[in-house]
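Asks: After the sequence you'll find the predicted model.
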Amino acid sequence: MGDIGRTTVLLADDHPLVLNALKGLIAGDKNLQPLHFVGDGLAAISAIEKQPPDVAVVDVRMPGLSGLKLLEEIRSRTLPVRVILFTAEMDDEEICEAVSLGVDSIMFKRSIPDSLLDCIHRVAAGSRCFPDASIQAAVDRQREQRDRKGQLLAPLSPRETDIAMMAAKRMSNKEIAKTLDITEGTVKVHIHNIFLKLELSDRSALRSLVSPLMET
């Protein structure tokens, strides 16, 4: 904690206007102590290593090191920092990745300022804060997608599942072979077995089956 029990805060955003607005917001709260203001992810991790804040409020899309990569770095190094991702938008996959990495909060920039301040206080106190219903909705959609994928592709081995997903992305046998470091002949055998197990006739049918499972 900062001076006289105040919560120290790092702000990271590559848009100067947003960063200045956040500075003013944090400085106006007597229980928060502004500690670092940086414009990219690399500067953020450097500042955190030198003097960890209690809470880091970081944009998802920043040069050098994205907010998600910054979160991953913080968690992998077990740095004592709680992380709030503050973003204009995130897709389902990014939201689920952030949750799996242990993000403490995701706040959208459309939120009113008081909501961000309240979230910082809650996160600093040890709670997780996901006030936007779209966050849980995204997690639920990803879970449903994984369940559907598991059911439809259950007959396949893990290697066959990987190849089926690649083929559905219109990768050629040669491209799949290079990616997996196997021969084209081996890919052809796997493709044949995939068609048999899933009762499909060609790659077009495979794409029709698998492509919806890759949508976010």
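Replies: Received the coordinates, thanks.
Asks: Run through this protein and note the low-pLDDT ranges.
Replies: Of all residues in the chain, those with pLDDT under 70 make up the ranges 1-4, 142, 145-146, 149-150, 212-216.
Asks: and the longest helix for it?
Replies: Among the elements of type helix in the chain, defined by DSSP state H, the one spanning the most residues is helix 133-152.
Asks: What lies in contact with stretch 72-85?
Replies: Residues outside stretch 72-85 that contact it (C-beta atoms under 8 Å, 6 or more residues apart in numbering): 10, 45, 48-49, 52-60, 65, 67-68, 70-71, 98, 101-107, 116, 119-120, 123-124, 129. The way it works is simple: take the backbone N, C-alpha and C, and place the C-beta from them, glycine included.
Asks: which of those count as buried?
Replies: Judged by neighbour count, with 16 or more other C-beta atoms under 10 Å as the criterion, the buried members of those are 10, 45, 48, 52-60, 65, 67-68, 70-71, 98, 101, 103-107, 116, 119-120, 123-124, 129.
Asks: returning to that earlier point: check which helices and strands the helix or strand just after the longest helix of the chain sits against.
Replies: Toward the C-terminal end, the helix or strand that comes next after helix 133-152 (DSSP states H and E) is helix 158-168. Packing contacts for helix 158-168, counted by 3 or more C-beta pairs under 8 Å, 6 or more residues apart in numbering; DSSP states H and E, involve helix 173-180, helix 184-198, helix 203-210.
Asks: Name the residues of helix 158-168 that come out as buried.
Replies: 160, 161, 163, 164, 165, 166, 167, 168.
Asks: now the angle between helix 184-198 and it, please.
Replies: For the pair helix 158-168 and helix 184-198, the angle between their directions (axes from the mean of the first three to the mean of the last three C-alpha atoms, to 10 degrees) equals 90 degrees.
Asks: any idea of the angle helix 158-168 forms with helix 173-180?
Replies: The directions of helix 158-168 and helix 173-180 differ by 130 degrees, with the same axes, to 10 degrees as the criterion.
Asks: Any chance you could list what contacts helix 158-168?
Replies: Residues external to helix 158-168 that are found in contact with it (C-beta under 8 Å, 6+ apart): 153, 156, 175-176, 179-180, 187, 190-191, 193-194, 197-198, 203, 206-207, 209-211, 213-214.
Asks: list the contacts for residue 52?
Replies: Residue 52 is in contact with 79, 80, 81, counting by C-beta under 8 Å, 6+ apart.
Asks: picking up where we left off before, the buried ones among the contacts of stretch 72-85 in strands, which ones?
Replies: Cross-referencing the buried ones among the contacts of stretch 72-85 against strands under DSSP state E gives 10, 55, 56, 57, 58, 105, 106, 107.
Asks: next one: phi and psi at residue 40?
Replies: The phi and psi values for residue 40, taken as degrees, to the nearest 10, are phi -160, psi 170.
Asks: same check, this time on residue 64
Replies: Here the main-chain torsion angles of residue 64 (degrees, to the nearest 10) amount to phi 80, psi -60.
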